[in-house]
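[1] Quick one: sequence plus predicted model below, questions after.
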Amino acid sequence: MSKQEASIERVILVGCQTTEDDLRYQYSMEELESLTETAKGKVAAKLTQKRERIHPSTYIGKGKVAELKALEAELEAELIIFNDELSPSQVRNLSAELEGRIIDRTQLILDIFATRARSKEGKLQVELAQLQYLLPRLGGQGLQLSRLGAGIGTRGPGETKLESDRRHIRRRIDDIKTQLSVIVQHRDRYRERRKKNKAFQIALVGYTNAGKSTLFNRLTEADAFEENQLFATLDPMTRKMILPSGFGTLLTDTVGFIQDLPTTLIAAFRSTLEEVKEADLILHLVDMSNEDYFQHEQTVHKLLEDLEVQQIPQLTVYNKKDQQHGDFVPTAKTETILISAFDEQDRMRLKKQIEQIVLQAMEFYHVEVPSTEGKLLAQLKNDTILRELRFHEEKQLYVCKGYCLTDHQILGQLYHYSIK
Ligand SMILES: Nc1nc2c(ncn2[C@@H]2O[C@H](COP(=O)(O)OP(=O)(O)OP(=O)(O)O)[C@@H](O)[C@H]2O)c(=O)[nH]1
Ligand SMILES: [Mg+2]
């Protein structure tokens, strides 16, 4: 990390409220503050203007720009972050008035993603999104490239610095797309293999900071990156989760959602979110202690709708119940459960509830298997929920009762030995 990156920038946040709902706008500004802190910036002041619509040339009105200018000088702020995506001309006009660097909400989120990406795919996806954001803003005097030095909003994933040359950017975009398509093909093959083996797949989704990775780690004893920061997880991670009966499922942790996620980023992360489409069950984690949790829930629903996964069974998991203030009434239309990811008993209850849902995707079997069928017996133990296993001395057979996923390949063999 360079010296400049390590130093903390003083930031002024600027919002333009175009709705009547003051509280909602306050939450939105608070979220921008959390995002800024996640990017290691220090918020020195927040400035909001209520307007009928965003000012087309300066985002906020002229008088407010003057106020911002004075505030900037007084607080010696180096960076000004706007709560909406700015047009190239807005950036140009504001830059003419203000001293500090100017970035918008989208650039801030892209910057956080850039510092968080771990896998090759994640890094490529973020770089692609950054370049696609930058491209239409280059040329003319759209972007003040001279000010593109270092700090929040300028960081790229991996070692390469964000390039400013248009032709070079176009080439790089093509290059990244090619590389990504190779990775996606690779993953498709892996996914098909997983499908053939008919594992029960569960995807963990939710708003950023809901506690997905915390729960994931504790349910799978893995260690995904968990932190009180927004977008701690960018790369999907899949691990085995054993249910109380001993039945093994696959659990996938995913990237967190957020309101007004830049469209370039949604597109870039689409392939990652495809994992959700393959799931047999979606666990939607909600931080119920967040005052704006309902809006978070709606944001996630909207994205799930876009992914067209409504037909997949869902369990809404209200998390952080240890921090609950006042009464809580679940609003989800799906099955729900209230937990704290830190509480072992809660996690056990959750696993039991998941197991009930898994059982709904299974069918009961009662078979007599010859003791010579060692491989099949082993499969029954590993791939199904085996409720009873008894050796019948006279018949020299194993009597087995249990539940098997309705689309599992061993069902065919089981019919062969089944007792009606
Ligand atoms: N009090 C409380 N805190 C929790 C609970 N579960 C998670 N947290 C905290 O919430 C913060 C966010 O947790 P993460 O697991 O990183 O959240 P995430 O949903 O994976 O976040 P992203 O990867 O950013 O989308 C961490 O500080 C956790 O310690 C809980 O049940 N109770
Ligand atoms: Mg996470």
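    Received, thanks. Ligands and ions are numbered 1, 2, ... in the order given.
[2] switch to C-alpha atoms for all contacts and neighbour counts from now on
    Will do.
[3] which helices and strands does the longest helix anywhere in the chain pack with?
    Longest helix in the chain by number of residues (criterion: DSSP state H): helix 166-196. Helices and strands touching helix 166-196, by 3 or more C-alpha pairs under 8 Å, 6 or more residues apart in numbering; DSSP states H and E, are helix 120-134.
[4] Of all the residues in the helix it packs on, which ones are buried?
    By 16 or more other C-alpha atoms under 10 Å, the buried positions in helix 120-134 come out as 121-134.
[5] Find out how far the helix or strand where Lys381 lies is from the centre of the chain, if you would.
    Secondary structure assigned from DSSP states H and E places Lys381 in helix 374-383. Relative to its parent chain, helix 374-383 has a centroid offset of 36 Å by C-alpha atoms, centre = their mean, to the nearest Å.
[6] Which neighbouring elements make contact with that helix?
    Counting by 3+ C-alpha pairs under 8 Å, 6+ apart, helix 374-383 packs on no helix or strand.
[7] Tell me what angle whatever helix or strand comes next after that helix forms with helix 374-383.
    Using DSSP H and E, the helix or strand that follows helix 374-383 in sequence is strand 385-392. Counting by axes from the mean of the first three to the mean of the last three C-alpha atoms, to 10 degrees, strand 385-392 lies at 150 degrees to helix 374-383.
[8] other SSEs contacting strand 385-392?
    strand 397-405.
[9] what's downstream of the strand it packs on, the next helix or strand?
    helix 410-417.
[10] Counting neighbours, which bits of that following helix end up buried?
    Residues Ile410, Leu414 are the ones in helix 410-417 that count as buried (16+ other C-alpha under 10 Å).
[11] does any part of the helix or strand harbouring Tyr25 sit near ligand 1?
    Per DSSP H and E, Tyr25 falls inside helix 22-38. No. Against ligand 1, helix 22-38 shows no contacts by C-alpha under 6 Å from any ligand atom, the least distance being 9.9 Å.
[12] how many neighbours does Val43 have?
    Burial of Val43 is recorded as 20 neighbouring residues (other C-alpha atoms under 10 Å).
[13] Please apply the same query to Asp260.
    Asp260, neighbours per other C-alpha under 10 Å, totals 12.
[14] before we move on, what about Lys333?
    9.
[15] Kindly report the same for His186.
    Quick note: His186 (other C-alpha under 10 Å) scores 11 neighbours.
[16] same question, the one 3 residues further on
    As a burial measure, Arg189 scores 11 neighbours (other C-alpha under 10 Å).
[17] likewise Gly246?
    Neighbours of Gly246 (other C-alpha under 10 Å): 14.
[18] same question, Met237
    Met237 is flanked by 17 other residues according to other C-alpha under 10 Å.
[19] Would you mind measuring from it to Ile112?
    19 Å (C-alpha to C-alpha, to the nearest Å).
[20] again, but for His366
    54 Å.
[21] likewise His408?
    42 Å.
[22] okay, the two: which has more neighbours?
    Shown here are His408 and Ile112; by other C-alpha under 10 Å, Ile112 has more neighbours (26 against 17).
[23] and the angle from the helix or strand that one falls within to helix 120-134?
    Mapping Ile112 onto the secondary structure by DSSP H and E places it in helix 105-116. Here helix 105-116 points in a direction 160 degrees away from that of helix 120-134 (the same axes, to 10 degrees).
[24] buried residues in helix 105-116?
    Across helix 105-116, burial judged by 16+ other C-alpha under 10 Å covers Arg105, Thr106, Gln107, Leu108, Ile109, Leu110, Asp111, Ile112, Phe113, Ala114, Thr115, Arg116.
[25] Show the contacting residues for the fourth one.
    Counting by C-alpha atoms under 8 Å, 6 or more residues apart in numbering, Leu108 makes contact with Leu35, Thr36, Ala39, Ile81, Ile152, Gly153.
[26] That one and Arg167: what is the separation?
    25 Å.
[27] Then the second one?
    As for Thr106, its distance to Arg167 is 23 Å (criterion: C-alpha to C-alpha).
[28] Surely Lys240 is in a helix?
    No. Using DSSP: H, G, I helix; E, B strand; the rest coil, the assignment for Lys240 is strand, not a helix.
[29] Please name the nearest non-neighbouring residue to it.
    Leu250 (4.6 Å; C-alpha to C-alpha, 6 or more residues apart in numbering).
[30] so who does the one you found touch?
    Leu250 touches Ala199, Phe200, Gln201, Ile202, Thr238, Arg239, Lys240, Met241, counting by C-alpha under 8 Å, 6+ apart.
[31] is it possible to export those to CSV including neighbour count and distance to ligand 2?
    As requested, those are exported to CSV (neighbours: other C-alpha atoms under 10 Å; distance: C-alpha to the ion, whole Å):
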residue, neighbour count, distance to ligand 2
Ala199, 18, 23
Phe200, 21, 21
Gln201, 24, 18
Ile202, 26, 15
Thr238, 20, 12
Arg239, 17, 14
Lys240, 17, 17
Met241, 23, 17
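[32] about what we covered before: the helix or strand following the longest helix of the chain relative to helix 374-383, how many degrees between them?
    Per DSSP H and E, the first helix or strand lying C-terminal to helix 166-196 is strand 200-206. If you take the same axes, to 10 degrees, strand 200-206 sits at 20 degrees to helix 374-383.
[33] Whichever helix or strand comes after strand 200-206 versus strand 200-206: what angle between them?
    Next along the chain after strand 200-206, taking DSSP H and E as the criterion, comes helix 212-220. Relative orientation of helix 212-220 and strand 200-206, computed by the same axes, to 10 degrees: 150 degrees.
[34] low-confidence ranges in the stretch 251-400 of the chain?
    Within the stretch 251-400 of the chain, the stretches with pLDDT under 70 are 268, 271-272.
[35] Near ligand 1, which residues of it? Just list them.
    Applying C-alpha under 6 Å from any ligand atom, we find that the stretch 251-400 of the chain lies next to ligand 1 at Val255, Gly256, Asn319, Lys320, Asp322, Gln323, Ser340, Ala341, Phe342.
[36] which residues touch the fourth one?
    With contact taken as C-alpha under 8 Å, 6+ apart, Lys320 is in contact with Gly211, Asp287, Met288, Ser289, Ile339, Ser340, Ala341.
[37] redo that, cut-off 7 Å
    Asp287, Met288, Ser289, Ile339, Ser340, Ala341 (C-alpha atoms under 7 Å, 6 or more residues apart in numbering).
[38] That'll do, ta.
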